[in-house]
Structure formats: C-alpha cells, structure tokens
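Participant: What follows is a predicted structure for the sequence shown.
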Amino acid sequence: MTHSLTFLGLESSCDDTAAALVRIGADGAPEILSSVVHDQALLHAAYGGVVPEIAARAHAEKLDACVHEAMARADLGVRDVTAVAVTAGPGLIGGVIAGVMCAKGIAAGAGLDLVGVNHLAGHALTPRLTDGAAYPYLMLLVSGGHCQFLIVRGPDAFSRLGGTIDDAPGEAFDKVARLLGLAQPGGPAVEAEAARGDPARLRLPRPLLDKPGCDMSFSGLKTALLRARDRIVAEKSGLTQQDRADLCAGFQAAVCDVLAEKTRRALALYLAEAPASPLIAVAGGVAANAPIRAALRGVAEAAGARFLAPPLALCTDNAAMIAYAGAELHGMGRRDNMSLAARPRWPLDRSGPGLLGGGRKGAKA
Ligand code: KG4
Ligand code: ZN
C-alpha cells in the first residue's frame, strides 16, 4: 500500500448503535480515529432483555447521528473515506437491516466502496487491530450473545472448534442476577457478590465436562442455581446476604471451570497445528470478569501460549472492529454492491455445523 485508507464502520446487530473511523496507514498499521457507541440499555431495561422491534427502531433513529459524531470527532468529511464497512449479520434482523440500509445510502451517495462484514469476524479480528496479532491465533468469544472457540487463519478463514449449545455465559450471568434480585447487566453484579462468597458451599454441575470436545452448555447451570436458591429459601424462609454471595461464588466457579477446561482442549487442538509462537485471545463482555480472565491466562501460560485480552471497549460491541475487519476484506479485494443482504444467521466457519443456541441477543451463528 502506498498511501493510507480510511474506513467508516457501522454496527447495529444487537443493542449498541455504533460508528467508527479507522485509518490503515501506508505501512499497513491501523489507527482508530474515532469510535462512537450508543447503547440502548435504558430502552430495554423494563423488559428484562433486548426487544428486537424497539432495538431496530432505535438503530434507525440513531445511526445518522452516530456517523456524524464519528466524522466530527475524527475531523473528517465523507470525501476522506475510502469505504463503508457494515455489519451485515448475524444478529437481530431489524437492526442489521437498518445498518445495511444506512451504509448503502452513504456508499451510493458519496461514491464509496461498500463491504459487508460478519459481526463475529469483527470480534475475531480485534487482536490484530489492537496488538497486530499474527495469523493463526486461537480466539475465545465469550459474551451475552456469543460463545465459541475459533482458529483465526485470515480475515475470511475461520475454523470453529466448539461453542455453546444453548445459552451464552453472559446470558447465564444475567439470568442468575435476575434470580437473585441483583442489577442488570448481571455479570459485574454477580462478580462483585461472588468475591464475598464461598465457592465450595454450593457445588453446581460442570456441564459437558464429561463429554469430549470443546462444546459447552450453560443453561443447566442456571436451573441448578435456581434449585439451590429454592432449597435455601425453603429451609430458612429467605436468603441472607451470605447465601446470595455463596450462590454467586458457586455459579461463577462453575463457569470458570468449564471455560478453563474447554480452553485447555481448544488450545491443545490449536497447538497441534501451530506450535510456533502460539497466541490465545479473548473478546466479549464476559472477558471482563477477573477470575475468569485469570483462569484463562493460567491455562494459556501452562500451555506455553501468550494470552491477550483487548481493552474492554474493544471487547464489547463497537464499530471500530467492523471498520477494521472491512479494511482487511477490502485489502483482499472484497467489494459488495447494492444487493448486499442482511443475514440473521451467518456462521463464520462454513464447513462446520451451525450452533444450536438461540441466545438472549438473537441467533448465534
Ligand atoms: O460483549 P457484550 O457487551 O455484548 C454482547 O453480548 O454482545 O457482553 C455483555 C455481557 C452481559 O451478559 C454481561 O452480563 C456480561 O457480558 N458481563 C460480564 C461481566 N461484565 C459484563 N459477565 C461476567 N463478569 C463480568 N464482569
Ligand atoms: Zn458482539
């Protein structure tokens, strides 16, 4: 590349409306010029989950403002942009359509290239945006909507080693918080309670650890927690603060153990293929959990692999990752046109079977 290229990214597949500008320098190094994220938490708070219709309308209303804000923060105009990269799936279809329509309008109006990006590829390529990670590396995507192990070989080359067959772990954290009367999103609240609790008092199951492979299951854990809660309530006619903390600690320890063991297995598969300078990276909101992060780091170090957790703002949904993934695809010659379609499901690994889990935040590919 002889000169720099600038990419506008748009993200609207779930409950965050986001726009960002990423520049790829003449030397190929990426730089985030601006990244704007408007979350819709308040709009959905009363419903205990994301309402697709409300999300889609809010994206359609907010996208323009997000793009203007991203442009203003970067002090750029549309003529400075090379291409528009947009999440074209997987996700809640109304929101994805809103993003794709907006991107088509900008690309057609300003005569820019258009690149449709898989949202999961955005997450999976983040270690290259933040740390210049070299292919191939192992990725664990672990959030409220996703949970899967991927070997990332290129911007459009992924092998899925396994994933959840039902809930994503963040979803389980959120449900546990609801069962115990804690605030949403549940992850940080459960983590804080767990820090004061005894993980050994109420031993919950470790689903699928008795089965070979890297698939995971988290929905049974939440049911086991409900039973443990109800047993205590029946005995004592209520929950003390200590009971609540012990339940959280027991649940978090089970998630930690499952993720750690499955990561050990995924690492073994990856190491067999790429033993030189191995790297495992995590992304997604659950990667913010300190004990889970520490457990994964421990597994990586024991296997002689480097561990990478991008900053939280780039682990959770954002448009900088979409702009960057679009830049890599654009560099490979990928161009979309006005027939670009929004896809509710879009598996990254086209050779593997689709995941079964539905998920609070829409279909997991
Ligand atoms: O990646 P993210 O912002 O959105 C998507 O799901 O795509 O992840 C949000 C999820 C929520 O379910 C939230 O409860 C969980 O990540 N989370 C955590 C923590 N912080 C956020 N889970 C466990 N521990 C945390 N500290
Ligand atoms: Zn996501």
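Facilitator: Received it, and whenever you're ready, just let me know what you need. Source: prediction; values computed, not measured. Numbering: from 1, shown residues only. Ligands and ions are numbered 1, 2, ... in the order given.

Participant: How about the residues of the stretch 251-365 of the chain by ligand 1?
Facilitator: Taking C-beta under 6 Å from any ligand atom as the contact definition, the stretch 251-365 of the chain meets ligand 1 at 284-286, 288-289, 316-317, 361. For glycine as for every other residue, the C-beta is placed from the backbone atoms N, C-alpha and C.

Participant: As a markdown table, the residues you listed with pLDDT, neighbour count and distance to residue 259 would be great.
Facilitator: Listed next are those as a markdown table, based on pLDDT from 0 to 100; neighbours: other C-beta atoms under 10 Å; distance: C-beta to C-beta, whole Å:
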| residue | pLDDT | neighbour count | distance to residue 259 |
| --- | --- | --- | --- |
| 284 | 87 | 24 | 11 |
| 285 | 87 | 23 | 14 |
| 286 | 94 | 28 | 8 |
| 288 | 89 | 19 | 13 |
| 289 | 94 | 24 | 10 |
| 316 | 86 | 23 | 18 |
| 317 | 91 | 28 | 20 |
| 361 | 48 | 23 | 19 |
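
Participant: In strands, which of these appear?
Facilitator: Among these, no member falls in strands (criterion: DSSP state E).

Participant: Let's have those residues in CSV, adding distance to residue 170.
Facilitator: Formatted as CSV, these follow (distance: C-beta to C-beta, whole Å):
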residue, distance to residue 170
284, 7
285, 5
286, 5
288, 10
289, 9
316, 10
317, 12
361, 9
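
Participant: which of these lies closest to residue 160?
Facilitator: Closest approach between these and residue 160, by C-beta to C-beta: residue 284, at 15.1 Å.

Participant: and the gap between the closest one and residue 56?
Facilitator: The gap separating residue 284 from residue 56 is 23 Å, by C-beta to C-beta, to the nearest Å.

Participant: Over to residue 260?
Facilitator: Here the criterion is C-beta to C-beta. By it, residue 260 lies 37 Å from residue 56.

Participant: Those two: who's more crowded?
Facilitator: A count of neighbours by other C-beta atoms under 10 Å puts residue 56 above the other of residue 260 and residue 56, at 18 against 15.

Participant: Doesn't that one belong to a helix?
Facilitator: Yes - under DSSP: H, G, I helix; E, B strand; the rest coil, residue 56 falls within a helix.

Participant: burial count for the residue nearest to it when sequence neighbours are not counted?
Facilitator: Leaving aside its chain neighbours, residue 56 sits nearest to residue 94 (2.7 Å; criterion: C-beta to C-beta, 6 or more residues apart in numbering). The local packing of residue 94 (other C-beta under 10 Å) involves 19 other residues.

Participant: ok, now which ones touch residue 94?
Facilitator: If you count contacts by C-beta atoms under 8 Å, 6 or more residues apart in numbering, residue 94 has them with 52-53, 55-57, 59.
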